[in-house]
Structure formats: C-alpha cells, structure tokens
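*Asks:* My questions concern the predicted model and sequence given below.
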Amino acid sequence: MSDAATSTSQPSPGEYRTPEQAQAESGRGVAPANELALEDINPVNANLFAENRWQGYFERLRKEDPVHFNEIESAGRYWSVTKYDDIKTVSSDWETFSSSFGMTLGFRVGADVPTFFRQGSPAFISQDPPRQTEQRKTVRPSVAPKNLARLEPLIRERTCQVLDSLPEGETFDWVDTVSIELTTAMLATLFDFPFADRRKLTRWSDIVFAVPQPGGVVESQAQKRDEMMECVTYFSRLWEERKEHPGDDLVSMLVHGEATKHMDAMDHLGNLLLLIVGGNDTTRNTMSGSIYALNQFPEQYDKLTADPGLVGNMVPEIIRWQTPLSYMRRTATRDCELGGKAIQKHDQLLMWYVSANRDEDVFPDGDALDIERPNASRHLSFGYGVHFCMGSRLAELQLRVLWEEILRRFKRIEVQAEPSRTLSSFVKGYTDLPVVITRK
C-alpha cells in the first residue's frame, strides 16, 4: 500500500497530490491487464484512459472479480463495482451507499487534508435525499420538456451555423471547432452567461477534474485553486445582478430558489460546477465520440447514411458506447455486503458505468457499436436512481440535432489520426480529434 499523497508535515496545497494524481504519476507504462495479478489491477489509473487501454482491465474484473478491492494510503479502502446489476443495486440504496462524501475517489476518511481538497461539496449530486431532492427541483425547470421544445430551434440554428462554417478538404480539430463550440454556447444560454466570455465555462469545466501535471490543463494544485476562485468571483458578480434582475436562467433559479437562495458564493460553486461539467464535458465528449465511433465501425456509418431515420436509436447507442463519465462514487454508511464481499463502513465504491455499459450479460458484443441495438437505451451513462442525470433529454436532443444536420450536409466525416484523450479516470473524453469533411 503506497503512494505519495500523505505526509506528516503540513505542506501547502500546491504540494498535495489527490489520489487520482498519485495514481497517474505512479502508473505510467502499467502492464496490460492479462499480465497482472488480480490483486494488482487498479482501474482508477488515469493513464489507462488517456492511452485508451482500459477495456481489458474491466473485462477481466467483470469475469473474475466484479466487486474488486483496492487500498492506497491516500484514499484508503475502495471497491470497483463493474457489473450492471451490482451498480443498479448500489444506485438504488442511497441510505446504505451515500453520495454525501463526494462523487469521485477521495482521500481516506480522517485524512489530514487542506479544506480545498476535501470532498462532499454542497452540490446536490453530492447529497442524499431530502436535501438533494429539494435543490434538484430548483433547477429542473431549465430542462423540462416545455423548455426543451423552446430551445430546439436555437440548438438547430447554431448547429447549422457551425456546420456550414467548416472547411472542406482540410484537416481541422472537431473537438474545439464543433463539440466545444456547440456545448459551450448552449451552456451560456442556460446560464444567461455573457456570450463573449463563454469559453471561460469550457476552461473551468476542464479544470474541475484535471490532473495537474507539467504541460497539462493545469500544472499545479495551486493553479487549479486560483482559477476556481476566478470562477467564484465571476459568478458572485452574476449572483448580485440576478438578485436584482432575475430571469429564467440557471443562475437566477439558484439565487432565488427556496432550497438554494441562502447559500453563499462558495457553497453555490458546487452546484455551478456540477451544471457546467454536466452541460459541457459530457455532451461535448459524446459529440466527439460519435465521430470517432462511426469511423471505428464504418459499416455502421454506411448504415446510418443509407437510413438517416436510424439517428433516433443511434443516439442512446453512442451514449452507451462512449460513456462520457467513467464512474461515480458512493460511500458505505454501514457494514454491508455486495456481490459476496464484505463492505466496511466508510469504504468507497466506484460504480464503473464504462464497464456496466460493456457488460456482456446485458449488452452482447458491448465493445462494438451497433446503431440498431435493441436495448441501447438501457445504458447507465446517465446514472440510475435518485441521481439520474436531469439533463439527459437535453444531451440527447443536442446529439440528435447534430447528426440530423450532419447527414443533410456531408457525405462523410473522416478521422485522420487517433484522438488525444483526457488524462482522467473520471471524465472520459477527447482533447483533439483531427477530421476532414466531404460535403454533398
């Protein structure tokens, strides 16, 4: 049991290493799953995802050890839950498996860690009912069916503008030019955020779960902290504006909602970052993943171009195949049992959606993309139970509109090289995807 994340002295926040950062630093060049002893398999290593080598780890765990134990000094005891039904069991019992300790792998209970690194933010995704239910209700109108119907023409207009502006016959980055632009514009609309500053939302979203490293999204925890404080300062100004001049945007809903209006700016930050990441990272990575997936399975691309009516079923299948958030964490509130394993109070459980969405018992040939898969909508990419993603319909709408408009315009979108991927075991995404388009 070892990593460099703990110390008996009191280092500055910039010297601390989160459990994921410690694993990323120690896990470069890790062996393939079939070369490791079962007890040495630890899928939380961010390098597995940056290098797209995670599949064999989860395949082996599903077959040999579906509820798999690991322990490291900084995070303590944690279990990887990799089968579909076990994840539904954990998600359905919020009293035994609580969200209130944080949603990603965290420091062990009782660790002497600066406040900046402690998990369990006031965000409703890191709460249990009834507080979670009350705060969630505050912002739910933003993604209600009536509002989605109002937003669809705007989503389509912006999608058409972006697609019509793309260069033909030359390589460009799909991630930045299309995926980020479309999702950030939508998020700015939902927040009524100054449109000229909309890329700040992208930046803050990228920082939330970034693993600090030289040349990375951020280079130190101190830089990460400072830029998050910029986010707090910026939104604090918006709070004050919306107190006096409320609208129907997400900021106004949080400022005036009965369950959230008494929270201060730092407490609001948890919900804000949840909404930013939920509305930005997940949808943009699925948009990019859709291009990559259809290039990986060209027969499916052919099938789609021959019958654009398949877009409706393609959308949930792409979301299943991509799984933009690899896992969510729960923490045991009591000693219990799962999959024949003795879970101790305070143990962390990582519900690996990326594995459940490949579970052979539910999705035969799950590594393959099948846009006619009959049960594609059963995926767990949006979670399950009380924390089911409330923005799921908006994400599906954005992806559907994107592909409806792509099929009207382009013969093909061809990937030119392997994408660059996010260094994270939590956000499963792309940082660069070079493509060339051919118009009709």
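*Replies:* Structure's in. What do you need?
*Asks:* low-scoring pLDDT stretches of the stretch 301-440 of the chain, where are they?
*Replies:* Scanning the stretch 301-440 of the chain with the threshold set as pLDDT under 70 gives 387.
*Asks:* Centre-most residue in this protein?
*Replies:* For the chain, the residue nearest the mean C-alpha position is residue 325 (3.3 Å; Cα atoms, centre = their mean).
*Asks:* mind checking how far that one is from residue 366?
*Replies:* 17 Å (Cβ to Cβ, to the nearest Å). For the C-beta atoms, the positions are set from N, CA and C on the backbone; glycine is no exception.
*Asks:* Correct me if wrong: the residue nearest to the centre of the chain contacts residue 426.
*Replies:* Yes: in this structure, residue 325 is within contact of residue 426 by Cβ atoms under 8 Å, at 6.5 Å.
*Asks:* give the contact list for residue 308.
*Replies:* Residue 308 sits next to 404, 407 when contact means Cβ atoms under 8 Å, 6 or more residues apart in numbering.
*Asks:* C-alpha coordinates for the lengthiest helix in the chain, CSV please?
*Replies:* The longest helix of the chain (DSSP state H) is helix 221-244. Taking Å, rounded to 0.1, in the frame of the first residue of the first chain, the C-alpha atoms of helix 221-244 are listed here in CSV:
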residue,chain,number,x,y,z
GLN,A,221,-3.0,22.3,-7.5
ALA,A,222,-2.3,25.9,-6.6
GLN,A,223,-3.1,27.0,-10.2
LYS,A,224,-6.2,24.9,-10.1
ARG,A,225,-7.3,26.6,-6.8
ASP,A,226,-6.6,30.1,-8.2
GLU,A,227,-8.6,29.5,-11.4
MET,A,228,-11.5,28.1,-9.5
MET,A,229,-11.5,31.2,-7.3
GLU,A,230,-11.7,33.2,-10.6
CYS,A,231,-14.9,31.2,-11.3
VAL,A,232,-16.3,32.1,-7.9
THR,A,233,-15.5,35.8,-8.3
TYR,A,234,-17.1,35.9,-11.8
PHE,A,235,-20.3,34.2,-10.7
SER,A,236,-20.5,36.2,-7.5
ARG,A,237,-21.0,39.2,-9.7
LEU,A,238,-23.7,37.4,-11.6
TRP,A,239,-25.5,36.5,-8.3
GLU,A,240,-25.7,40.1,-7.4
GLU,A,241,-27.1,41.1,-10.8
ARG,A,242,-29.7,38.3,-10.8
LYS,A,243,-30.8,39.2,-7.3
GLU,A,244,-32.0,42.5,-8.6
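*Asks:* Following the chain onward from that helix, which element is next?
*Replies:* helix 250-256 (DSSP states H and E).
*Asks:* In that next one, which residues are buried?
*Replies:* Under the neighbour-count criterion of 16 or more other Cβ atoms under 10 Å, helix 250-256 has 250-255 buried.
*Asks:* helices or strands up against the helix or strand hosting residue 87?
*Replies:* Under the criterion of DSSP H and E, residue 87 resides in helix 84-92. On a contact count with 3 or more Cβ pairs under 8 Å, 6 or more residues apart in numbering; DSSP states H and E, helix 84-92 meets strand 336-338, strand 348-352, helix 353-356.
*Asks:* Off-centre distance for the second one?
*Replies:* Meaning strand 348-352. 14 Å (Cα atoms, centre = their mean, to the nearest Å).
*Asks:* Would you mind extracting the C-alpha trace of that strand into CSV?
*Replies:* Presented in CSV, the C-alpha positions along strand 348-352 are these (Å, rounded to 0.1, in the frame of the first residue of the first chain):
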residue,chain,number,x,y,z
GLN,A,348,-15.7,4.0,-1.1
LEU,A,349,-17.5,2.2,-4.0
LEU,A,350,-16.7,3.3,-7.6
MET,A,351,-19.6,2.4,-9.9
TRP,A,352,-17.9,1.9,-13.2
